[in-house]
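Peer 1: Predicted model follows, preceded by the sequence.
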Number of protein chains: 2
Amino acid sequence: MNCVLLPKNTKTIRDEQQVRHIKEVLKAKVGDNLTIGEIGGNIGKATLAQINTNEVILTDITLDKKPPAKLDLTVVLALPRPKVLRRLIMDMTSLGVNRLIIVNSYRTQKSYWQSPLLNRIDEFVFEGLQQAIDTMPPVIEFKKRFKPFVEDEFGDLLTEEDDAVVAHPYAEQSWKAYLDGLKSKSNHENIMPKILCIGAEGGWIAYEVDLFCKHGCTSVSLGERILRTETVVSVLLGHWLAE
Amino acid sequence: MNCVLLPKNTKTIRDEQQVRHIKEVLKAKVGDNLTIGEIGGNIGKATLAQINTNEVILTDITLDKKPPAKLDLTVVLALPRPKVLRRLIMDMTSLGVNRLIIVNSYRTQKSYWQSPLLNRIDEFVFEGLQQAIDTMPPVIEFKKRFKPFVEDEFGDLLTEEDDAVVAHPYAEQSWKAYLDGLKSKSNHENIMPKILCIGAEGGWIAYEVDLFCKHGCTSVSLGERILRTETVVSVLLGHWLAE
């Protein structure tokens, strides 16, 4: 938690985790400064006026800094095992993904859609925002039917100039060759794809990769090494961060 | 586990996790093929000849493929909270880091060095290799004293032409500007730094960053967003993967 994210006009922090963080991790004292953010608004500072048993009272609140820009990127993610959902949502939020569409896939077990963790997505987003000192949650959508989503909705996410990629360990083209191609196409300007599709454990099946490719995607591989979904997400998003 | 890693000349798998993986995750039957690797050797295939209660017997073993190349990279990592050590070691192994030096830092709590997880590093490496279908463990060293390590040993890890970076959220130069500089220096060849220094939670303190910089490092920032150590590792290593 690198900032404490608060609803508009909050002067008293009562959220249990935030109060505990201020007291036990930051070991803050009255008079100390605290980095805060207003949900959906600016980031800034406040001074701790009182530290009580279950609440912390703020004074001298200034919210004068814009949150960091979001990446111009939509991630389409196959619903992964619930166990890794928290970290994936946190990381994609921290890394600044603008929109996240969580879809069904052949290798998504049906039981994953029943997981109670799916009702806690907002918590994970909140954690990611507080990690990255951001205030703007990404837009998150769920698409339980793969084929209608790709056939009827996917194309609308792209304009004619936009590129989209699907990560697939067995794709012929490497991520590097693909990026080099993009750069030469755009006269060395740094243009990145607008959509990135990432499978969960076991990746997409060939049918799914083909359907994405029919609707505007290029399939790319990260090489011989097979990586965990969480690792792939950070490895790929790192290339947007550096643009 | 995308391959089952075995000591040389193994025909009977008795490792509990590997046997359970073959039976319960792969749901393999007699006659099925299995991707295997020889620790420190080649990768290849075997056929399942017998599946017994506590062992799996292999036949038709062929080990005809070299493991993927390692990255030409040494990572210097501040010892993190033991809780994240497993995933960090796994990920760096999967991503192909050649050498890992785990050092003390100002923000490393003394208790971390007493964690029983430090004795389980080999297990985490093993998991990372089986994830990435690799057979060659990275070299891993521990340096409990930061200053003597950087002052007396760090310089020897670099030749005069080699670059080294220290990741630091408050560095003036961005990772992107740094990479662009490297590329223009090397006439657009893809040359990457040979050493990457990554702090744990809270990052390096200014004294540590300065000491690295005195001994050949450039400090670079990933931008305004503050990321978890695990995320930073994958975000940065992704740039070596794509070279």
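Peer 2: Arrived safely.
Peer 1: Can you list the buried residues in the helix or strand encompassing residue A:85?
Peer 2: Residue A:85 belongs to helix A:82-95 when assigned by DSSP states H and E. In terms of neighbour count (16 or more other Cβ atoms under 10 Å in any protein chain shown), helix A:82-95 has its buried residues at A:82, A:84-95. Just so you know, the C-beta spots here come from the backbone N, C-alpha and C atoms, and that holds for glycine as well.
Peer 1: ok, and which of those residues reach chain B?
Peer 2: Checked against chain B using Cβ under 8 Å from any Cβ of the partner chain, the buried residues of helix A:82-95 yield the following neighbours: A:90, A:91, A:94, A:95.
Peer 1: Was I right to think the last one contacts residue B:232?
Peer 2: Spelled out, it's residue A:95. No: contact criterion Cβ atoms under 8 Å: residue A:95 and residue B:232 do not qualify, at 10.5 Å.
Peer 1: re the thing from before, include pLDDT when you put the ones next to chain B among the buried residues of helix A:82-95 into CSV, please.
Peer 2: Shown next, in CSV, are these (pLDDT from 0 to 100):
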residue, pLDDT
A:90, 96
A:91, 96
A:94, 97
A:95, 97
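Peer 1: Pick out the most distant pair among the residues you listed.
Peer 2: With distance counted by Cβ to Cβ, no two of those lie farther apart than A:90 and A:95, which are 9.5 Å apart.
Peer 1: show me what contacts the spatially most central residue of chain A?
Peer 2: A centroid search over chain A (Cα atoms, centre = their mean) returns residue A:92, at 2.1 Å, as the residue closest to the centre. Contacts for residue A:92 (Cβ atoms under 8 Å, 6 or more residues apart in numbering or on different chains) come out as A:75, A:77, A:100, A:128, A:138, A:233, A:237.
Peer 1: and chain A, which residues reach chain B?
Peer 2: Within chain A, the positions lying close to chain B (Cβ under 8 Å from any Cβ) are A:2, A:68, A:90-91, A:94-96, A:131-134, A:174-176, A:179, A:222-228, A:230-231, A:233-239, A:241-243.
Peer 1: Which other helices and strands does the helix or strand bottoming out on mean pLDDT in chain A contact?
Peer 2: Scoring the helices and strands of chain A by mean pLDDT, DSSP states H and E places helix A:175-185 at the bottom, with a mean of 85. In this structure, helix A:175-185 packs against strand A:217-220, helix A:229-241, with contacts taken as 3 or more Cβ pairs under 8 Å, 6 or more residues apart in numbering or on different chains; DSSP states H and E.
Peer 1: Return the set of buried residues in the first one.
Peer 2: I take that to be strand A:217-220. A:217, A:218, A:219, A:220.
Peer 1: Hmm, residue A:162 and the first one touching each other?
Peer 2: Same thing as residue A:217. No: checked against Cβ under 8 Å, the pair residue A:217 and residue A:162 is beyond contact range at 10.7 Å.
Peer 1: Touching both of those two, which residues are there?
Peer 2: Between them, residue A:217 and residue A:162 have residue A:195 as joint contacts when contacts are counted by Cβ under 8 Å, 6+ apart.
Peer 1: for residue A:119, helix, strand, or coil?
Peer 2: Local secondary structure at residue A:119 is given as helix here, using DSSP: H, G, I helix; E, B strand; the rest coil.
Peer 1: Please apply the same query to the one 3 residues further on.
Peer 2: Taking three-state DSSP as the rule, one finds residue A:122 in the helix state.
Peer 1: Surely residue A:18 is in a helix?
Peer 2: Yes: going by three-state DSSP, the assignment for residue A:18 places it inside a helix.
Peer 1: Can you pick out the most distant pair from the contacts of residue A:92?
Peer 2: In the contacts of residue A:92, two members sit farther apart than any others by Cβ to Cβ. They are A:77 and A:128, at 14.1 Å.
Peer 1: And those two? Which one has more around it.
Peer 2: Comparing residue A:77 with residue A:128 by neighbour count (other Cβ atoms under 10 Å in any protein chain shown), the higher total belongs to residue A:128, at 28 against 23.
Peer 1: if I pick the more buried one, what's in contact with it?
Peer 2: Remark: with contacts taken as Cβ under 8 Å, 6+ apart, residue A:128 is in contact with A:89, A:90, A:91, A:92, A:93, A:94, A:134.
Peer 1: ok, which stretches of chain A are strands?
Peer 2: Taking DSSP state E, the strands of chain A run over residues A:4-6, A:12-13, A:33-38, A:43-51, A:56-65, A:74-78, A:99-103, A:139-143, A:164-167, A:195-198, A:217-220.
Peer 1: Show me what the shortest one is packed against.
Peer 2: By that I understand strand A:12-13. Packing partners of strand A:12-13 (3+ Cβ pairs under 8 Å, 6+ apart): strand A:56-65.
Peer 1: Tell me the spacing between the residue lying closest to residue A:16 once chain neighbours are set aside and chain B.
Peer 2: Setting aside the residues directly before and after it, residue A:16 is nearest to residue A:54 in space (Cβ to Cβ, 6 or more residues apart in numbering or on different chains), at 7.7 Å. Taking Cβ to the nearest Cβ, to the nearest Å as the measure, residue A:54 and chain B are separated by 26 Å.
Peer 1: quick one: buried residues of stretch A:153-167?
Peer 2: Residues of stretch A:153-167 classed as buried under the neighbour-count rule (16+ other Cβ under 10 Å) are A:154, A:157, A:158, A:163, A:164, A:165, A:166, A:167.
Peer 1: Now those residues in a markdown table, please, with extra columns for pLDDT.
Peer 2: Output for the buried residues of stretch A:153-167, formatted as a markdown table (pLDDT from 0 to 100):
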| residue | pLDDT |
| --- | --- |
| A:154 | 95 |
| A:157 | 93 |
| A:158 | 91 |
| A:163 | 92 |
| A:164 | 95 |
| A:165 | 96 |
| A:166 | 96 |
| A:167 | 94 |
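Peer 1: returning to that earlier point: restricted to buried residues, select the residues of chain A next to chain B in PyMOL.
Peer 2: What follows is the PyMOL syntax selecting those of the residues of chain A next to chain B that are buried according to 16+ other Cβ under 10 Å:
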select buried, chain A and resi 2+68+90+91+94+95+96+131+132+133+134+175+176+179+222+223+224+225+226+227+228+230+231+233+234+235+236+237+238+239+241+242
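Peer 1: domain ranges for chain A?
Peer 2: Per automatic domain parsing, the structural domains of chain A span A:4-65, A:74-241.
Peer 1: Distance from the shortest one to the middle of the chain?
Peer 2: On the basis of Cα atoms, centre = their mean, to the nearest Å, domain A:4-65 is displaced by 24 Å from the centre of the chain it belongs to.
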